[in-house]
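Q: Predicted model follows, preceded by the sequence.
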Amino acid sequence: MDRRNFIKTASIATAAISYSPVVGAKEKLVPLLTGVTGEIDLNATKMSVQMLSGDPTDMLCFDGSVVSGKNSLLRSSPGYLGPTIEARAGDKLNINFKNQTGEDSIVHWHGLHLPEDQDGHPSYAIENGQTHKYSFEIENRAGLYWYHPHPHGRTGYQVYHGLAGLFVVRDEEEDALNLPSDENELFIVFQDRHFGKNNQLIYIQSGHDIMMGKIGNRLVVNGSFPMTHKVKKEAYRLRLLNGGNALTYRLQWSDGSPIHLIGTDGGLLEKRVELESILFAPGERLDVLVDFSSKQIDDDVELLSIPIVDNGNSQPFAIYQFNVGSEGKKQFSFPNKLSSLESIPPSEAVNENDPKVFSLIPKQGIGWTIDGLPYEMDETRPKETVKLGATEIWEFDLTNAGMIHPMHVHGSQFQVLERINGPYSDGLVYDGGWKDTVAVLPGDKVRIIKKFNDHPGKFLFHCHLLEHEDNSMMRNFVVEK
Ligand SMILES: [Cu+2]
């Protein structure tokens, strides 16, 4: 977007800050599964967190406890993040979400393939003080998923104030690879926050924050500081989540090593790939192997974010640092073959030659939209209706507008079929594996293919730049029997 157009859209967006609380939100009862693997209490509450020296920061945080089942279902997290849920494919979980945020909320399990009444659609939002009981079976393969609130108009605010946690799924296929585990498997969540007076968080201040997304003045990793991790001269598996509201990174190693990517949003890739750099947008996950065994004691290796487009104005900056602290014992050689992935042939789609096109466009009086429309809680268009059992091709069209939109589709994982590159995207992105969030770059048309084999009902697709999602860049789709 050029400057003049940007100012225009930014100023109209100021008038478009829309927060419509769900009126009279009532808990919807869903049937509970029998024979569950475990039951978890998950509370979202107001908390005072010591983030910086001086005053503590007022935040919203998840805390949890295991009611029944193995204690290993929950692992406490550093900083303000919610506890990490760790389960196995096929596990059945009951999760009791208690909302003590002071406003409406509901939890979405990002990346999990779930029935409509388990997915945290905003129409399921509950009022402060209420409890929503989830009960679901994990149908996903091994992968790094995550959970966060999804009430309409308040997702960005609630995530920004601390409500997010990891959801790790394991399975036998992953076990058999013997990837680095325990202290050699590091979960790293990147977020950024704007700390203001008295160490309090500053959220949206202007239409600019809505149009461009809220960017912080401090990087926060795993809900805390600092950002250095002592490692041994061994191999590590890095499980990365971009949990930020709006900031996209382009990752590269400071020592010039390639990034050894073994997985993305929906789990392992078919084969390990080596990349010079990789784009990493809000909502996305990356699974990366790194070997420090050839390093010297006290070497520093930094994970950098380099400029997305080299315009000469921006500099690389370190977003995490590894300090080689001690000799290693474990030997590890990187596997090449990881998994078998079924790739969905375009000929399987009901609309092989006629993709459903969703235009990502700014609209006067609304802000960023899908097809120029606002979000409507109960509405879907014919285009947003899918027949149960169908495979469809969708296209996100950003031909005419200029910023990155990470598009997230709820329900099962999809595959990226084709990226008709705009002027900036060549070589920036890696689109392999199963995905639930795809970064659409300025000028791009991105085609995805997705199966709608089960779970009829109403789901969401939206931009995962949370200020866009909350404002207007979200729509329903309905899977019809
Ligand atoms: Cu967006």
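A: In hand now; what should we look at?
Q: Pull out the buried positions in stretch 40-57.
A: 40-44, 47, 49, 51, 57 (16 or more other Cβ atoms under 10 Å). Placement of C-beta: from N, CA and C, glycine included.
Q: do the same with stretch 215-225
A: Result for stretch 215-225 [16+ other Cβ under 10 Å]: buried residues 216, 219-224.
Q: Narrow those to those in strands?
A: Counting by DSSP state E, the part of the buried residues of stretch 215-225 found in strands is 219-221.
Q: Mind putting these into TSV with pLDDT and distance to the ion?
A: Below are these laid out as TSV (pLDDT from 0 to 100; distance: Cβ to the ion, whole Å):
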residue	pLDDT	distance to the ion
Leu219	96	21
Val220	97	21
Val221	96	24
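Q: I'd like to know how many residues surround Thr385.
A: When neighbours are counted by other Cβ atoms under 10 Å, Thr385 registers 12.
Q: show me what contacts it?
A: By Cβ atoms under 8 Å, 6 or more residues apart in numbering, the contact set of Thr385 is 477-478, 480.
Q: Among those residues, which ones are in strands?
A: Per DSSP E, the contacts of Thr385 map to strands at 477-478, 480.
Q: what's the closest of the residues you listed to the ion?
A: Closest approach to the ion among the ones in strands among the contacts of Thr385 (Cβ to the ion): Phe477, at 17.4 Å.
Q: For that closest one, which non-adjacent residue is spatially closest?
A: Glu384 (4.4 Å; Cβ to Cβ, 6 or more residues apart in numbering).
Q: rewinding a little: which of the contacts of Thr385 are buried?
A: Of these, these count as buried by 16+ other Cβ under 10 Å: 477-478.
Q: can the contacts of Thr385 go into JSON lines with extra columns for distance to Asn336 and pLDDT?
A: Formatted as JSON lines, the contacts of Thr385 follow (distance: Cβ to Cβ, whole Å; pLDDT from 0 to 100):
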{"residue": "Phe477", "distance to Asn336": "37", "pLDDT": "98"}
{"residue": "Val478", "distance to Asn336": "41", "pLDDT": "98"}
{"residue": "Glu480", "distance to Asn336": "42", "pLDDT": "97"}
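Q: dump the residue contacts of Val189.
A: 81, 164, 166, 221-223, 240-241, 243.
Q: Secondary structure class of the most centrally placed residue in the chain, three-state.
A: The residue lying closest to the centre of the chain (Cα atoms, centre = their mean) is Gly283, at 2.0 Å. Following DSSP: H, G, I helix; E, B strand; the rest coil, the label given to Gly283 is coil.
Q: show me what contacts it?
A: Contacts of Gly283 by Cβ under 8 Å, 6+ apart are 110, 242, 406, 408, 436-437, 464.
Q: now do 7 Å
A: Gly283 is in contact with 110, 242, 406, 408, 437, 464, counting by Cβ atoms under 7 Å, 6 or more residues apart in numbering.
Q: Backbone dihedrals for the nearest residue to the last one once chain neighbours are set aside, please?
A: So that's His464. In this structure, His464 finds its nearest non-sequential neighbour in Gly283, 3.5 Å apart by Cβ to Cβ, 6+ apart. Taking degrees, to the nearest 10, you get phi 100, psi -20 for the backbone angles of Gly283.
Q: For Phe396, see how far away the residue of the stretch 301-450 of the chain found nearest the ion is.
A: The nearest approach of the stretch 301-450 of the chain to the ion comes at His405, 3.5 Å away (Cβ to the ion). His405 sits 7 Å away from Phe396, taking Cβ to Cβ, to the nearest Å as the criterion.
Q: do Trp368 as well
A: 13 Å.
Q: So which of the two has more stuff around it?
A: Under the criterion of other Cβ under 10 Å, the comparison of Trp368 against Phe396 puts Trp368 first, with 27 against 24.
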